[in-house]
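Novice: Below are the sequence and a predicted model for it; my questions follow.
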Amino acid sequence: VQLQASGGGLVQAGGSLRLSCAASGTGFNIDVMNWYRQAPGKQRELVAVITSGGSTNYADSVKGRFTISRDNAKNMVFLEMNNLKPEDTAVYSCNVVGVVVTTARYFEVWGQGTLVTVSS
């Protein structure tokens, strides 16, 4: 399984961006899909989670501004980010946890990060 993230960029405060992450490969079922971020000099932070059933959870710092969604048919996860703030500046990475169909073993995969820069 490989993950490919896209959608980062430079935006002014108050603006919006939409991140996408696609999982490629065969023979697996994805359970949980997550977005993390890491700002310069800070620890990695879990931003949003979405389960296979569509349940979501968010970091307090992004509640009401960010929305995570997924397309199970395409094995994709999205992060809609609105009312962006300078403190949202970070490298955003997608992460998935799933099961290999043939072995029933869990796996976890990370995508490459995409940089989001919010100017004041």
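Specialist: Ah, there it is.

Novice: tell me which residues of the lowest-mean-pLDDT helix or strand in the chain are tucked away?
Specialist: When the helices and strands of the chain are scored by mean pLDDT, DSSP states H and E, strand 2-6 comes last with a mean of 94. Neighbour-count burial for strand 2-6 flags 3, 5 (criterion: 16 or more other CB atoms under 10 Å). In this view, the C-beta of every residue, glycine as well, is placed from N, C-alpha and C.

Novice: Show me what that strand is packed up against.
Specialist: strand 17-24, strand 90-100, strand 106-110 (3 or more CB pairs under 8 Å, 6 or more residues apart in numbering; DSSP states H and E).

Novice: neighbours around Ala73, how many?
Specialist: When neighbours are defined as other CB atoms under 10 Å, Ala73 has 6 of them.

Novice: May I have the secondary structure class of it?
Specialist: Secondary structure, DSSP: H, G, I helix; E, B strand; the rest coil: Ala73 is coil.

Novice: Against Ile30, how distant is it?
Specialist: According to CB to CB, to the nearest Å, Ala73 and Ile30 sit 11 Å apart.

Novice: Need the residues touching each of these two.
Specialist: Shared contacts of Ala73 and Ile30 (CB atoms under 8 Å, 6 or more residues apart in numbering): none.

Novice: Identify the bridge partners of the residue minimising distance to the centre of the chain.
Specialist: Geometric centre of the chain, nearest residue: Trp35, 2.7 Å, by CA atoms, centre = their mean. Beta-bridge partners for Trp35, by DSSP bridges, are Ala48, Cys94.

Novice: surely it meets Cys94?
Specialist: Yes - counting by CB atoms under 8 Å, Cys94 is a contact partner of Trp35 at 5.8 Å.

Novice: between the two, what contacts are shared?
Specialist: For the pair Trp35 and Cys94, residues contacting each of them under the criterion CB under 8 Å, 6+ apart are 19, 21, 77.
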